[in-house]
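1. Kindly generate the corresponding structure for this input.
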Amino acid sequence: MTCSARLPVYALLIGAFIPQRELWGGIELQGLVLFVLYFAGILAAMAVAWVLKRFTDAGRQVRPLMMELPSYHWPHARNVAIGLWQRAEIFIKRVGGIILALTLLLWVLSTFPGAPEGATGPAIEYSFAGYLGRGLATIFEPIGFNWQISLALVPGMAAREIAVSALGTVYALSATGDDATAQALTPLISSTWGLPTAFSLLAWFIFAPQCIS
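-> Prediction:
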């Protein structure tokens, strides 16, 4: 199912490859593509549920659900505030640590070792990250991913939110923040990636398993 963490990737690729034009009745092409991406995730979840129900022993078992509902009443502001604080604390502890650690790890891998004397390519090509990306590219080449995309998928599997910033790091962009990074990435990827590559990456993020976080 499409979660909000995938939205930055959708926005980046749709903005780079889908023209902004109105189709009919006020419906824009970019918005329609975003709707199709969401709908594809919903259909995929329903298809997986149907397969598991039809072809697994556990799925064929009938388990009636009985649940006692609580007495509903208006919530108290204090209880809501405590609940929000607890959820925020859990999110920061569980997700924040993983995102921070993976971002720092990607920076270290893309920085060391430095480019040798007389190197003509970008410094990241001679780093640990460059070697890792080229190794992964041999696996993902059939679906059109270059070494930069392959490398950005690694932290993206830990948390979808950092896929855009990971691409920015891999492409050695100096922009700070997701919005600035996306603005700098849009013309770069639209001129270097093909449309099939963009659609392949969108399909990856639609059907990829849940992130580690």
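
2. Nearest residue to the middle of the protein?
-> The chain has R160 as the residue nearest its centroid, 3.4 Å off, counting by Cα atoms, centre = their mean.

3. helices or strands next to the helix or strand encompassing F140 in the packing?
-> Per DSSP states H and E, F140 falls inside helix 128-140. Under the contact criterion of 3 or more Cβ pairs under 8 Å, 6 or more residues apart in numbering; DSSP states H and E, helix 128-140 touches helix 97-111, helix 147-158. Backbone N, C-alpha and C define where each C-beta goes, glycine included.

4. what sits up against the longest one?
-> With Cβ atoms under 8 Å, 6 or more residues apart in numbering as the contact definition, helix 97-111 has outside contacts at 123-124, 127-130, 132, 151, 154-155, 158-159, 161-162, 165-166, 169-170, 172, 212-213.

5. list the buried ones in it?
-> Buried residues in helix 97-111, counted by 16 or more other Cβ atoms under 10 Å: I98, I99, L102, T103, L106, L109, S110.

6. could these go into CSV alongside pLDDT and distance to I27?
-> What follows is these, written out as CSV (pLDDT from 0 to 100; distance: Cβ to Cβ, whole Å):
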residue, pLDDT, distance to I27
I98, 74, 38
I99, 74, 35
L102, 75, 38
T103, 73, 37
L106, 78, 38
L109, 83, 43
S110, 80, 41
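
7. and of those, the nearest to R6?
-> I99 (14.9 Å; Cβ to Cβ).

8. how about the helix holding F140: buried residues?
-> A129, G130, L132, G133, L136, A137, F140.

9. R21: which of the residues you listed is nearest?
-> Taking the buried residues of helix 128-140 together and measuring to R21 by Cβ to Cβ, the closest member is F140, at 31.6 Å.

10. Contacts only, for that closest one.
-> Counted by Cβ under 8 Å, 6+ apart, F140 has contacts I149, S150, L153.

11. What about the second one, how many residues nearby?
-> In this case it means S150. The number of residues packed near S150 is 20, by other Cβ atoms under 10 Å.

12. now swap in the first one and tell me
-> Look at I149: counted by other Cβ under 10 Å, it has 25 neighbours.

13. Next one: K53 from F207, what distance?
-> Here the criterion is Cβ to Cβ, to the nearest Å. By it, K53 lies 19 Å from F207.

14. got it, and I90?
-> 27 Å.

15. Specify which residue of those two has the higher count of neighbours.
-> The neighbour count for I90 versus F207, taken as other Cβ under 10 Å, is higher for F207 (13 against 10).

16. Find the nearest non-adjacent residue to that one, please.
-> Once flanking residues are discounted, F207 sits nearest to A44: 5.9 Å by Cβ to Cβ, 6 or more residues apart in numbering.

17. So the one you found belongs to a strand, correct?
-> No: going by DSSP: H, G, I helix; E, B strand; the rest coil, the assignment for A44 is helix, not a strand.

18. My read is that it contacts A208, right?
-> No: applying Cβ atoms under 8 Å, one finds A44 not in contact with A208, separated by 10.8 Å.

19. ok, R134 touching N146?
-> No: applying Cβ under 8 Å as the test, R134 and N146 come out as separate, 9.4 Å apart.
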